[in-house]
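J.: Build me a structure from this.
(8 chains, ligands or ions: 10)
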Amino acid sequence: MKEEIIIAGFGGQGVLSMGKILAYSGLMQGQEVSWMPSYGPEQRGGTANVTVILSDERISSPVLNSYDTAIVLNQPSLDKFESKVKPGGTLIFDSNGFHRFPTRTDINIYQIDAIEYAYANDTTKTFNMIILGGLLKVRPIVLIENVLKGLKKSLPERHHHLIPMNEKAIQTGMELIKKLN
Amino acid sequence: MKEEIIIAGFGGQGVLSMGKILAYSGLMQGQEVSWMPSYGPEQRGGTANVTVILSDERISSPVLNSYDTAIVLNQPSLDKFESKVKPGGTLIFDSNGFHRFPTRTDINIYQIDAIEYAYANDTTKTFNMIILGGLLKVRPIVLIENVLKGLKKSLPERHHHLIPMNEKAIQTGMELIKKLN
Amino acid sequence: MTTAEIINPANLVYEKPKLLNDTPMHYCPGCSHGVVHKLIAEIIGEMDMQEKTIAIAPVGCAVFAYKYIDVDWQQAAHGRAPAVATAVKRLMPDRLVFTYQGDGDLAAIGTAETIHACNRGENIAIIFINNGIYGMTGGQMAPTTLDGMKSSTCPNGRNVELNGNPLDITKLLAQLDGTCYVTRQSVHNIANTRKTKKAIQKAFENSMAGKGTSVVEVVSTCNSGWKMTPEASNDWMVANMFPKYPLGDLKNE
Amino acid sequence: MTTAEIINPANLVYEKPKLLNDTPMHYCPGCSHGVVHKLIAEIIGEMDMQEKTIAIAPVGCAVFAYKYIDVDWQQAAHGRAPAVATAVKRLMPDRLVFTYQGDGDLAAIGTAETIHACNRGENIAIIFINNGIYGMTGGQMAPTTLDGMKSSTCPNGRNVELNGNPLDITKLLAQLDGTCYVTRQSVHNIANTRKTKKAIQKAFENSMAGKGTSVVEVVSTCNSGWKMTPEASNDWMVANMFPKYPLGDLKNE
Amino acid sequence: MSYDLKLKEMNDSKKQNIDEVVLMKGNEAIAHAAVRCGCDGYFGYPITPQSEIMETLMELEPWNTTGMVVLQVESETSSINMVYGAAGCGKKSMTSSSSPGVSLMQEGISYIACGELPCLIVNVMRGGPGLGTIQPSQADYFQSVKGGGHGDYKLITLAPASVQEMADFTVLGFDLAFKYNTPALLLADGVIGQMMEKVVLPPFQPRLTDEEIAKRSPWATVGKPATRKPNIITTLSLEAEEMETINLRLQAKYREIEKNEVLFEEYDCEDAEYLVVAFGTSARVSQKAVEMARAEGIKAGLLRPITLYPFPTNAISNYADKVKGILTVEMSAGQMVEDVRLAVNGRVPVEFYGRLGGIVPSPDEVLNALKTKLV
Amino acid sequence: MSYDLKLKEMNDSKKQNIDEVVLMKGNEAIAHAAVRCGCDGYFGYPITPQSEIMETLMELEPWNTTGMVVLQVESETSSINMVYGAAGCGKKSMTSSSSPGVSLMQEGISYIACGELPCLIVNVMRGGPGLGTIQPSQADYFQSVKGGGHGDYKLITLAPASVQEMADFTVLGFDLAFKYNTPALLLADGVIGQMMEKVVLPPFQPRLTDEEIAKRSPWATVGKPATRKPNIITTLSLEAEEMETINLRLQAKYREIEKNEVLFEEYDCEDAEYLVVAFGTSARVSQKAVEMARAEGIKAGLLRPITLYPFPTNAISNYADKVKGILTVEMSAGQMVEDVRLAVNGRVPVEFYGRLGGIVPSPDEVLNALKTKLV
Amino acid sequence: MAKIKGAVVVNTERCKGCNLCVVACPSNVLALNKEANSKGYNFSTMVNPDDCVGCAACAWVCPDACITVYKVRV
Amino acid sequence: MAKIKGAVVVNTERCKGCNLCVVACPSNVLALNKEANSKGYNFSTMVNPDDCVGCAACAWVCPDACITVYKVRV
Ligand SMILES: Cc1ncc(C[n+]2csc(CCOP(=O)(O)OP(=O)(O)O)c2C)c(N)n1
Ligand SMILES: Cc1ncc(C[n+]2csc(CCOP(=O)(O)OP(=O)(O)O)c2C)c(N)n1
Ligand code: SF4
Ligand code: SF4
Ligand code: SF4
Ligand code: SF4
Ligand code: SF4
Ligand code: SF4
Ligand SMILES: [Mg+2]
Ligand SMILES: [Mg+2]
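T.: Ligands and ions are numbered 1, 2, ... in the order given. Reported below is the predicted structural model:
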C-alpha cells in the first residue's frame, strides 16, 4: 500500500500538524512515512502545504508532482493542486470562502464544510481533526486506533486528556464529508 | 645576452633599489628585464633579496634557483646563495661582519668592502651604487651611460641633481672590487 | 452629511502615498514594517526625490521592500547594506541613499559594516527596524532581544548568562564621530508615527546636506515572532521594549 | 664593589621572564609588541597559570606571539580572535583565555567579533595593541590612524573626508554591558609599563573570577610603520596618540 | 567499499523496535544526534532551511544534561571561527548553516582544514546563487568538494538522503573527523532538512573528559603542563618550504582518506545497462525513476555516492566497463557530473540531467532524461 | 581562438617606444591601468602580496584627476559588497585581495554573479590553506573557476603571466565584465604581483558620464525617472520556478562566454609530441622547461590558458589527437589538471607536476617531470 | 461651533484584519468584519460611521495603507 | 646613608639596538655599541657602569627582554 497526499491551506489552519498526525498514524501501523512541508516566509499570510507519503516499502522520492489525494482548504490551494491529483484520485475541499469549485471529472471529489462547522460549534481547535476524519472516511489509509496511538506518541503527556476530543472530531468529519461527483 | 642575478643583504641595505637601478639600466638599453623581490614580513630585521634578469629575449621564468651572479651583503645571504651560483658564475660579497667566507672554487669570487668605505667616507647613501660599480667592473652587463639614463627615468626630477654623486659611487665601486680567487 | 457625501476627493485628508504601489505587501498582519514603508514612500514623494533615490534593502522581512516603494533599489547581502550604501553614495554623491535594516541585519551580522559606515560619516540615512527578533527566519533571538524575552532560540527567555546581553547598538552609533543625527522612534500610534516621519525626513535631509550619517531606529513589533496579536504586541512593546530602548534623540548635531 | 661582583644571582632584580623563551622575536627593533609580550609572560608566570592558559594570537605583527611565550596558543584568523576565545572559554571555563590583537585585527575586520564577545560578557581578557597602523602588512592606515597621520594608504595623511574618522573602539567597548574592566595604558616608560602590567593582571584575574570581559588597550608605537626611530616614535605617541586615546581606566566594575 | 553494514541495518525498518522509532525532521535529527554522540559545542546563526538545528538544541538544553554548549552568535563568520577555537581544544564541535552562510565560512574552513582540526560543518543547501531561494538545491557541490576556500584542502563530505542518515552521519562525520583530524561536512539539502521521516536515534555517548581528550588529541590546546612543550594551533608558515611540508602532509592524509573511506550505495545495479548517479534528494528521486524504468523493461541502476569526498571514483570506473551509458542527476547545473566524467575517463557517454535554483526534479523527468539521452 | 592579436602586439617589446615603457610591479600596473581605463571605484583591504594596488591608487589620488573613488574599508567582506553596490549603479568598480581575503568574499561574489553585475575582482594568490604563507601560489584555481561561493555561477577568469598582462587584463577584465554583465576575476599570483617588468600602460579613457551609464546599463540603479519602472538589483526569488529561470539565463550566458571568449597562448606547439599546460607564473617556468627540452631534442610545446574560465577545452582536446602525452604544471596540488583531463577525456595520458604552499617550481623540475612522467 | 465629520474608505482586499486601526480609532468607529476577503482576512469596516472625526489615526497606523480618510467641517 | 649600586647584563645577541634602554636610563649608563652583533645590530652596553643604580628602567622598557639587572646596597 502506498498513499501520496498533499494537504494545503492557509498558514493558520493546522495543515502541517494534520500531516504530522497522519504520518504518525502510518508510523504506528509500521509503515514508512515521509512528511515534507513547504517552508519559509511564503507561508506568511500565504498558503502552507505538506506532502505526506505512507507506504509499505522504503519511500524513494519525498517530493512529488502528482498525488493520490489532495486536501485543499482555500481557493489558492484548489487552484494550485486540482490539476495535480492523479486520474482516479481523490480531492477533498472545504468550500469556505471559495468562489471557484473543482471541475475535474476524472477524480473523486468530496466536500467537507469543517470550517463552518467548527465556527458554529466552537471547536476550531480540532478543526483539522474533522478534516482528517473526512479523509479517513473516504480513504481509510490508517486505522483510527493508530491515529490515536500516534497522537499519544506525539503529544506531550499533559495533553493526553485532549485525545478523546480529537477522536470525537474525527467522527464528526466522517459524518460531514460528502461526495460531489 | 642574458644575465641572472641575485642581490641579497639586510633589509636596510638598499638591496631592492640596487636591483631596480640595474633593471632600469637594462630597460634603457632595450633589454627585457625582470625584478623579483623576496617580500613580506620576513624582511623585517631579516634579510631581503631580489632576483634581477636582463635579457635580449623574452624572459620566461622570473624566479630562479640558480644565478649567473650573486651579490651578498651579509652572512646569512652568503650562506643561502653561495651554493646557488652557476659553475663559472660570479659571487660578489662585502665582508663586513662576516665570520665565514666563500669556499667554492668553481666560481669567480670578488670582495668589495663598500660598507667600510661608505662609513669611512660618510657616503652611506650611495652605498648600493658602490656595489653596483663593483658589479659592472667585473660583469659589464649594462653601460654606465644606461645606468645614468635609468636613474634619470626612475628618479623624480627634484632628485636629478644627485645623479653625479651616484656616478662617482659607481666609479668608486669599480676601484674597490678585488678578485679573491 | 452622509458618509457617501464626505467621501469626495475634495475632502481627502489621508491616502496611500503615491510611491507605495499596489502590490500587496507580504508582511504579517499588523507588522510595523508596513507603517515605516508608508512613511518612507510619503517622504520621498513629498521631498520630490523619487528620481534621486537609491534605496538599499536588507536581508530580513524587509528584503522585498523593493516590491512596494517605487524607487530604484538594491537588495544587499545580509548585514552589508551600509557597505552597499557607502559605495552608492560615494559614487553618486547627489543621490539620496538610505538603508532599511532589521536588528539581525544591522546589529548582528552587519555590526562591522554599520559601525564603520557610521564612523566614516557616510552621507547616508539608516532606517533601523528594531523588533527584537529575527522575523524573517521564524522568530529567533536577535542581538536586541530583551533579557527574559522568548524566541525560538531562547524558548525559555533570553538568559544573559547563556545568550549574552541585549545590545543597544544605537547608543554606540551615537558615540561615533561620523554620525550627525541618531534618534529612536516608534510607529505604534499616530503621535509617534508622525514623529517618526519627521525623523526620517530629517535623516534624508541631513544626508543630502552632507552632514554625515543619520540613524533612525524604529522600535517595532513582530507579532508573529513574538506570538502575540498586533495590539498585544504594541502594548508589550511599550511596556518592555521602551524601557530598554527609550524613545528620543540620542544625537542631533 | 665592581660590576662583576654585583652581577650575582643573589642580587638579581630583573630578568627575562621564564615563560618568555629564547627564540629571538621577529619584531622590529623597538617595537612595543615585545614589551607587552614580556609583561604577559611575567604575569602568567607570577600567577602560576601556565598550565591553565590558552592564548589566542591574531593576524598582525603579533601573529607569531606563540613562538615566544611558552603557553598553549591558537592563532586565529584575522579579526576572529574574540570568537575563537569565546569558544575556548565557554568549553573550558576554568582556563585563562585571552586574545592579543592589533588595531586592524580588533577594530577593522574584527569589529563584529570584538563587540559581540564583549557584549556577551565572555570571561576573557582582550589585550589590544593600538599602534595606529597596520604594522604587519607594511604600514597601511588602521581604523585608529589619527587625523593627518601618514601611512602607505594615506600618504598625505589621513583625511577624514576621504578616509573617515579615527575610531575609538575602546570607548565603545566600555559602553557594553558585558565588559567589566576597560582600560588604556602604554609601555613607553617604566612607570607606564608597570601600570600596564597591573592592568593586564587585573584583566586576567577578572576573567578567572567570571566578571565578564576585560579590555586592556595598550597605546603603542610601530616605528617601522610610522617611519621614525623607536625613541622618536615614543615621543610622537605621547604628543599625538595620547590626546586622542587618553590613558586611564574607562570602566572598572 | 559499499555502504557500511551497521548503518544499513540501522536504516532497515524491519528491525526497528517501534518504541525507539521517532518521527522528526532531518534538521531535528542532527540536533538530537549531536547531543547523543557527545558533542561539546554548537555555534550557529539562523538561516532557512536549517534553523531547526539550533532551535532544537535550544529546546533540548543539553547544557543541563551533557554539558554541551550551544551558542547563537553574531554571524556565520564567527560561528566557524568558534568551531576552530573549540576544535583546537580537542572538543567535538560543530556549526550548521545553509548556502550563503556557508560561503561566509570559507576562510574559516580553509583555516580549520590547514590546522587539521576535527569538526563537523552542516550545509543544508538552498537554491543560489546570491540570496537565491530557500528551496532545496545541490549547487554547492563544487564548493564542498573542490574548494570553496583558498588553498589545497579537502573536506570529508557526507551526503545523507534520509532523516535517518542525518542522524547517522552526524555521528559518522564526527568519527571520521577525529580519525583523520580533519573537518567533515554534512552536505544535505532543504528537502532532507525539512522533511520528517522515521528515525532511530543513535545511542547516547558521554562527552569526553579532559583526560580522554588529552589522550585522543595530544595536540590540543588545553593548557600546557610542565611535561610537554606548548601546543600551538596555527596555519601560518612564512617559509614556503615549511608550508609545502604542511601541504604534503595534508595531501598524504587525503590519499589515506580516499583509500579508506569511500561510501556509496547501489540499487538495482547488478545487471544494469544504464547507470544513474545521484546523491541526496536527487538519488531518492532517481531511485523512483529507476523503479519506473525497470517497470518499462529498461535495465537501469542507481549508484548513490554517500561520500562526495572521497568520491567513489573506482566504483564508477568499474561500471564504465559494464554499462552502456551513465546519467548524472543533480539539483544544479551539473557539478558532480565532472567527477563522474573524470572517473569514466571517456569510456562510455556520461550525460547530465539537472534542475536549478531550488527545483527538485520529478521521477518522470529523470526517467525521460534517461530515455532521451541514453537509451 | 588564440591570444588576442592586439594584446600580443602590445606585449611585443620591439614595437615599443622607449618613452612609453615603464618599469613597475604587477600590482602597480593594475592600479595604473584601473585609473587609465576609467574605473569609477576601488574598495579594498590590505593584504600581502597585493597591498601595492591600493597603495599605488592612494599615491595616484585619482579622485583629483578622473574622479575615481578609492576607499580602504573595514574588511574584504565589506569591499566586495561595496563593489556590488557600485556595480549596481552601472559603475566600473573593483576590489583586490589575496587568498584568505578572497575566501571572505565568496558570499558577495555569488551575489554579484547572480545579480549579473559587471566588476573586476583581483586575487593575487598566496600559499594556503589557512593563513598559509605570503609566497606565490595557484591553489585558488578551483575556488575561482568551479565555485568558491554557493550556487551555480561562473567568473570570467583571466590569468596574467606578466606585468604587461596585469595592466592589459585589468582593461580586458572590465570590458568582458561589461560585455556580459558578469564579474571578472583577474587571477594572478605573488610572483606576478611583486615582480617588476617593462610595461606600456593602456591609454587613458574617460570615466563614463551618468548619461552614458544609463545608456550602457539601463538596468542600473541611478534614481528612477518618470520614464521607466524602478530598477531593482536583487538576487532573491522565493519562487523556485523564478529562481530557475534566473539560473537558466545565467547558464545561457555562460554558454555564450564559452563560445566567444576563450583565450590561450601556444608556444612551440606546432610539431609538439608532448604538451605542457600551465598558466601564470607556472607557464613562464614551463616555457623555460620547454626551451630546455627542445634543446635536448624533446619535442615539447606549451599551451598557456589565459582565460581559465572559459577554459580552452577545445584547443586542448584538439591536441589530445596529436600529442603523446600532456603534463599540467601548477603551483598547487593539482587543480587545473582536472579541466585538462575533462578536455582530453582519456585519449592520452595527462600527468601532473606541482609544488605546494608557496613554492615556485624551477624549470629543471618541470623538465624532469616531463621526462620521467611522459617521455 | 463647527462640527467636524469624517469618513474612511478601507481597501478591503488589501486589509489584513490586524485590528490596529480599530484600536487606534479614538471614536470606536471601526471594527473587523465577520466576513473575510479573498485572502481569508476579516477586514476592517466602519461600524459607527457617524462618530468618525476624520482624525486619520487609523490610517496613520495601518501597516498596509488600506485606509483613505476624508473630512469636512459642517 | 646606604648607597645603591646596580649593574646590568645585556644579551648582546638578542639586542636589536633600538636605543630605548639608552633613553630610559635615568643615569645615562647605557649607549649603543659601535660594533654590531651577528644580525647587524649595534647592541646596547654599559658605558658608565658606575652610575648604574639598578632601577631596571632599561630592562622594563626593553622590547626584547635583553637586560638582566642586579642591585646591591653598599
Ligand atoms: C549570510 C546569511 N545568514 C543568514 C541568513 C538568514 N536570515 C535571513 S533574514 C535574517 C534575520 C532577520 O532578522 P532582522 O534583520 O531582525 O529582520 P526582521 O526579519 O526581523 O525584520 C537571517 C538570519 C541569510 N539570508 N544570509
Ligand atoms: C582576511 C585577511 N585579510 C587581510 C590580511 C592581511 N593582514 C595581515 S595583518 C593585517 C593587519 C595588521 O594590523 P594590526 O592588526 O593593527 O596589527 P599590527 O601588525 O599593527 O600589530 C592585515 C590586514 C589577512 N592576513 N587576512
Ligand atoms: S515575521 Fe515579524 S517582522 Fe516579519 S512580517 Fe511578520 S510580523 Fe513583520
Ligand atoms: S612593523 Fe610595527 S608593529 Fe610590526 S614589528 Fe615592526 S614596529 Fe612592531
Ligand atoms: S479617521 Fe479617526 S475617527 Fe475616523 S475611523 Fe479613523 S481613527 Fe476613527
Ligand atoms: S490597520 Fe489596516 S490592515 Fe489592519 S485591520 Fe485596519 S485597515 Fe486592515
Ligand atoms: S638599571 Fe637603571 S640605572 Fe642601571 S642601566 Fe638600567 S636604567 Fe640605567
Ligand atoms: S632596549 Fe633592549 S633591544 Fe633595545 S637597545 Fe636596549 S637592550 Fe637592545
Ligand atoms: Mg528583527
Ligand atoms: Mg596595528
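
J.: ok, residue G:56 touching residue C:13?
T.: Yes. If you go by C-beta atoms under 8 Å, residue G:56 and residue C:13 touch, sitting 5.7 Å apart. In short, each C-beta sits where N, CA and C put it, glycine included.

J.: higher neighbour count, the two?
T.: Neighbour count, other C-beta atoms under 10 Å in any protein chain shown: between residue G:56 and residue C:13, residue G:56 has more, with 21 against 15.

J.: one step back: find residues that contact each of residue G:56 and residue C:13.
T.: G:69, G:71 (C-beta atoms under 8 Å, 6 or more residues apart in numbering or on different chains).

J.: Ligand 4 contacts on chain G?
T.: Neighbours of ligand 4 within chain G, by C-beta under 6 Å from any ligand atom: none found.

J.: low pLDDT regions in the chain?
T.: Let's take chain A. For chain A, the stretches flagged by pLDDT under 70 are A:40-46.

J.: my question was about chain G
T.: Residues of chain G meeting the criterion pLDDT under 70: G:1-2.

J.: can you tell me how far whatever residue of it ends up closest to ligand 8 sits from residue C:12?
T.: When distances are taken as C-beta to the nearest ligand atom, chain G reaches nearest to ligand 8 at residue G:63, 67.0 Å away. Residue G:63 sits 21 Å away from residue C:12, going by C-beta to C-beta, to the nearest Å.

J.: May I have the secondary structure class of the residue of chain G closest to ligand 8?
T.: coil (DSSP: H, G, I helix; E, B strand; the rest coil).

J.: More neighbours: which of residue G:63 and residue C:12?
T.: residue G:63 (25 against 13).

J.: just checking, that one touches residue C:30?
T.: Yes. Counting by C-beta under 8 Å, residue G:63 sits close enough to residue C:30 to count as a contact (6.1 Å).

J.: Which residues are in contact with residue G:43?
T.: Contacts of residue G:43 by C-beta under 8 Å, 6+ apart are G:10, G:12-13, G:15, G:17, G:32-33, G:35-37, G:66.

J.: Taking those residues, please make a ChimeraX selection of just the buried ones.
T.: Listed next is the ChimeraX selection for buried residues among those, using 16 or more other C-beta atoms under 10 Å in any protein chain shown:
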select /G:10,12,15,17,32,33,36,37,66
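
J.: tell me which of the contacts of residue G:43 is nearest to chain C?
T.: residue G:17 (5.8 Å; C-beta to the nearest C-beta).

J.: from what I can see the closest one touches residue G:31, true?
T.: No. Judged on C-beta under 8 Å, residue G:17 makes no contact with residue G:31 at a distance of 10.6 Å.

J.: shared neighbours, these two?
T.: In contact with both residue G:17 and residue G:31: residue G:44, using C-beta under 8 Å, 6+ apart.

J.: Report the mean confidence score over the top helix by length along chain E.
T.: Ranked by number of residues, the top helix in chain E under DSSP state H is helix E:240-260. Helix E:240-260 carries an average pLDDT of 97.

J.: so how far is that helix from its chain's centroid?
T.: Centroid displacement of helix E:240-260 relative to its chain, using C-alpha atoms, centre = their mean, to the nearest Å, is 21 Å.

J.: which residues in the stretch 101-250 of chain E form helices?
T.: Here the stretch 101-250 of chain E has its helices, by DSSP state H, counting those that start in this stretch, at E:106-114, E:141-142, E:163-180, E:190-194, E:210-216, E:240-260.

J.: Rebuild the ones you listed as a markdown table, extending it with distance to residue D:251.
T.: Output for the helices of the stretch 101-250 of chain E, formatted as a markdown table (distance: least, C-beta to C-beta, whole Å):
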| stretch | distance to residue D:251 |
| --- | --- |
| helix E:106-114 | 31 |
| helix E:141-142 | 48 |
| helix E:163-180 | 41 |
| helix E:190-194 | 43 |
| helix E:210-216 | 34 |
| helix E:240-260 | 42 |
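
J.: For ligand 10, which of those is the nearest?
T.: Each of those has some distance to ligand 10 by C-beta to the ion; the shortest is helix E:106-114, at 20.1 Å.

J.: helices or strands next to that closest one in the packing?
T.: Under the contact criterion of 3 or more C-beta pairs under 8 Å, 6 or more residues apart in numbering or on different chains; DSSP states H and E, helix E:106-114 touches helix E:76-88, strand E:183-189, helix E:240-260, helix F:99-103.
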